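Asks: Quick one, structure for this:
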Amino acid sequence: MYLVTTKADRLPTDRQIVMVDGTVPNWKAKPGDLHWDHHRPDGADIQIGEIPLPDRASLLEEHSTYQSPCLVTTMVDADACCAAAWVQLAREVLTPETIAKFKAIAWDCDHLGVPPELNLYAEFAAKANAALKKSSDRLPAELGLPAECKQWTEEDWQTYSSEAFRRGSEWLIAAAKGDRPYPGEDGEADDYWQQIEADAQMLIDENRIQQKETKRGAIPICDLRGVDRALDPRSFYQVLGSRSNTLRPEAIIIRASRLGGTQYTLGSIPLHPEQHALDYTQGTFERLTRAEQLKDPQTGSWGGRRTVGGSPWNHPSNLSIEEIVALLD
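Replies: I've put the predicted structure just below:
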């Protein structure tokens, strides 16, 4: 069973919870549950960096309980799918090449690029991520969901995300075993980059990218409110282009929350010369959380990893973009 949720009361109590790449707020692990999350101070750059290799069989088999497993994440993406596949693969399948490919896919997902030691797999990873995203395009029709995602209920979103999580993870499992090509290897995402170009032009035409000036320089802001589909953040960073190094390394994306109000992603400009100095887990998320809860004590917490995170999952943000920028200083 695969489940994407941010609500603890939606977790099954009759299954072994295997939580990867994000922790559901207020969840309490029971004996036998497995939990890895690189969204913590000093966490690994990618999720599988937190998960050990199995000794022989898969980690799920080696840590099995009497309950059937439920693989859980808070947001489906390629990094989460790599982690879910990793815990289900036997040691003999996790060869050095397979590990390198999984790491490259996860790095490209979370950082929009790979470190130098994985440069051999840079193009492979970018295509894999694009193919995994593109493969979800046909899911709404297959699941019988409304064509317009703005009409989806919370249950619809959970159904869609959980099925995307399952399909992406099982695709990577099959590829690692040699039963099918990796995502992107058959050219199914070759037109994805044209969409990124088109979305970048849309951001320019609709004047959706601004910047907020601070004493330490300007912070770029991408406002996606009113855009009823997911956009790859590469489109945002492509627009910044050669301007990137004249800006601060922080970057903020604004979206309309499905709960009403606004949701923020606090990220960073890929390959910015000062990106390595960022660590939002060392006080930034705490400051933002305190500011949120001063306005409404019921609001959850900001969270994430060193260079990317966001506002509370289950409550729209109470903060204005001006307040967020001020708190970054």
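
Asks: List of residues touching the lowest-mean-pLDDT helix or strand in the chain?
Replies: Least confident element among the helices and strands of the chain, by mean pLDDT, DSSP states H and E: strand 303-305 (a mean of 89). Applying C-beta atoms under 8 Å, 6 or more residues apart in numbering, the set of residues contacting strand 303-305 from outside is His38, His39, Arg40, Gly43, Asp45, Asp110, Leu266, Tyr280, Thr281, Phe285, Gly309, Gly310. (Each C-beta comes from the backbone N, C-alpha and C, glycine too.)

Asks: same deal with stretch 281-301?
Replies: By C-beta under 8 Å, 6+ apart, stretch 281-301 touches 25, 39-43, 266, 302-306, 309, 311-315, 317-319, 323-324, 327-328.

Asks: To what extent is Glu323 buried, counted in neighbours?
Replies: 14 (other C-beta atoms under 10 Å).

Asks: which residue ranges form the helices in the protein?
Replies: Applying DSSP state H to the chain gives helices spanning 59-62, 78-86, 96-111, 122-135, 139-143, 154-176, 192-205, 233-240, 284-295, 321-328.

Asks: export the second one as PDB, just CAs?
Replies: Spelled out, that is helix 78-86. C-alpha atoms of helix 78-86 as PDB (Å, rounded to 0.1, in the frame of the first residue of the first chain):
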ATOM      1  CA  ALA A  78      11.000  11.300  -7.600                       C
ATOM      2  CA  ASP A  79      13.100  11.400  -4.400                       C
ATOM      3  CA  ALA A  80      10.200   9.800  -2.500                       C
ATOM      4  CA  CYS A  81       9.800   7.200  -5.200                       C
ATOM      5  CA  CYS A  82      13.500   6.400  -5.100                       C
ATOM      6  CA  ALA A  83      13.300   5.900  -1.400                       C
ATOM      7  CA  ALA A  84      10.200   3.700  -1.600                       C
ATOM      8  CA  ALA A  85      11.900   1.600  -4.300                       C
ATOM      9  CA  TRP A  86      15.100   1.400  -2.300                       C
END
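
Asks: Distance check, Asp77 against Gln201.
Replies: 25 Å (C-beta to C-beta, to the nearest Å).

Asks: same question but for Asp137, I mixed them up
Replies: 20 Å.

Asks: that older thread, for Pro116, state which of the contacts of strand 303-305 is nearest.
Replies: Closest approach to Pro116 among the contacts of strand 303-305 (C-beta to C-beta): Asp45, at 13.2 Å.

Asks: which residues does that closest one contact?
Replies: Contacts of Asp45 (C-beta under 8 Å, 6+ apart): His38, Trp107, Asp110, His111, Arg305, Arg306.
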